[in-house]
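In: only geometry, no sequence info:
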């Protein structure tokens, strides 16, 4: 019976200070392990596309979204509707719409179905 008491007896519970110390020790060990790992040199980084290409694709997306808004006329358009019709991702569509709203080519209006985008007078003249 004495052996079972020793094996299954009460274990000491750790206090908050002990837990904090253990977590700090583990975090420090992880930090040190990550800081000792190899660093990426600038020569090792591969640029996937030229910044000029990125800007060109953004311009194309903005023009596509502007044309989609113009086709709908006075009807407000949801982001998902534009991205589905234009074949763009929601992120690309949202980026293009935020540019258009910032430059007063479109305006965003909250509706029960979500944010709808409308073409402004300035946007109509920019087609």
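Out: Happy to help now that I have it. These figures come from a predicted structure and were not determined experimentally.

In: Flag the shaky bits of the protein, pLDDT-wise.
Out: 1-14, 31, 33-54, 126-127 (pLDDT under 70).

In: Now do the strands in it.
Out: Assigned by DSSP state E, the chain shows strands spanning 106-111, 114-119.

In: Would you mind finding the most buried of the ones you listed?
Out: Most buried of those, by mean neighbour count (mean count of other CB atoms under 10 Å): strand 114-119, with a mean of 18. C-beta coordinates here come from the backbone N, C-alpha and C atoms, glycine included.

In: now what about it, what contacts it?
Out: 66, 69-70, 72-74, 76-79, 82, 97, 100-101, 105-110 (CB atoms under 8 Å, 6 or more residues apart in numbering).

In: Quick one, which of these are buried?
Out: Neighbour-count burial (16 or more other CB atoms under 10 Å) is assigned, among the contacts of strand 114-119, to 66, 69, 72, 76-77, 79, 82, 97, 100-101, 105-106.

In: Need those in JSON lines (columns: distance to residue 56).
Out: Below are the buried ones among the contacts of strand 114-119 laid out as JSON lines (distance: CB to CB, whole Å):
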{"residue": "66", "distance to residue 56": "16"}
{"residue": "69", "distance to residue 56": "21"}
{"residue": "72", "distance to residue 56": "25"}
{"residue": "76", "distance to residue 56": "29"}
{"residue": "77", "distance to residue 56": "24"}
{"residue": "79", "distance to residue 56": "22"}
{"residue": "82", "distance to residue 56": "20"}
{"residue": "97", "distance to residue 56": "19"}
{"residue": "100", "distance to residue 56": "17"}
{"residue": "101", "distance to residue 56": "21"}
{"residue": "105", "distance to residue 56": "19"}
{"residue": "106", "distance to residue 56": "21"}
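
In: Out of those residues, which comes closest to residue 121?
Out: Residue 121 lies nearest to residue 105 out of the buried ones among the contacts of strand 114-119, by CB to CB, at 9.6 Å.

In: Right, I'll call it a day here.
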